[in-house]
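*Asks:* Dropping a prediction and its sequence here:
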Amino acid sequence: MMRDVTHIAPRRLKTRREIVAEATGPQPLSIMLANLDYWYTETKRLEASSDPADKPLARIARHNSQRVAVECAQFVHPKLNSTNISGDEDAPLIVEHKHRLSVDALKGKSVQELGELYLAVVHGDDNRLADLCPKLIRQEDE
């Protein structure tokens, strides 16, 4: 004997974007940007004032505008996402090395010099490499 069965779909929770879209009234970012505008305008007004008592207030206003700007920056200018690099069989990734260092070129170098050499290699700074390691062998010179 079959009973009438009512299927109830599970309740879906709202996403953060949906909650923000439905919200009424001022949003946190709009309040932060209004505060930034207020403190920036106040800073300019106090710095332009000829009253000596306004100079310390101008520094406080500048500090407040800087603090609010730092808090807003993460929402206005989001950080860059990491990038995944991959290749496939038809188009493999190719890594080319422009320089080759011999062991003789590294002998007698201090830890600091080796660190600077490493940074020059990583950043591709050929002029710095030539200064740090005159015994550097370029592959294209061979």
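*Replies:* Cool, got the structure.

*Asks:* Please spell out which residues along the lengthiest helix in the chain are buried.
*Replies:* For the chain, the helix with the greatest residue count under DSSP state H is helix 54-76. Applying a neighbour-count criterion of 16 or more other Cβ atoms under 10 Å, one finds 57, 58, 61, 62, 64, 65, 68, 69, 72 buried in helix 54-76. From N, CA and C alone the C-beta is placed, and that goes for glycine too.

*Asks:* So the residue most central in space within the chain versus residue 15, what's the distance?
*Replies:* Geometric centre of the chain, nearest residue: residue 79, 4.5 Å, by Cα atoms, centre = their mean. Look at residue 79 and residue 15: by Cβ to Cβ, to the nearest Å, they are 21 Å apart.

*Asks:* again with residue 44
*Replies:* Applying Cβ to Cβ, the value for residue 44 to residue 15 is 40 Å.

*Asks:* More neighbours: those two, which one.
*Replies:* Between residue 44 and residue 15, counted using other Cβ atoms under 10 Å, residue 44 has the larger neighbour count: 14 against 9.

*Asks:* which intervals of the chain have sub-threshold pLDDT?
*Replies:* 1-10, 80-87, 93-105, 134-142 (pLDDT under 70).

*Asks:* Tell me where it has strands.
*Replies:* 99-100, 137-138 (DSSP state E).

*Asks:* Please parse this protein into its domains.
*Replies:* For the chain, the structural domains run 26-76, 99-141, going by automatic domain parsing.

*Asks:* and those domains as JSON lines, adding distance to residue 92?
*Replies:* As requested, the domains of the chain are exported to JSON lines (distance: least, Cβ to Cβ, whole Å):
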{"stretch": "domain 26-76", "distance to residue 92": "37"}
{"stretch": "domain 99-141", "distance to residue 92": "20"}
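
*Asks:* And those domains: which comes nearest residue 91?
*Replies:* domain 99-141 (23.2 Å; Cβ to Cβ).

*Asks:* Quick one: end-to-end length of stretch 23-34, please.
*Replies:* End-to-end distance of stretch 23-34: 18 Å, with Cα to Cα, to the nearest Å as the criterion.
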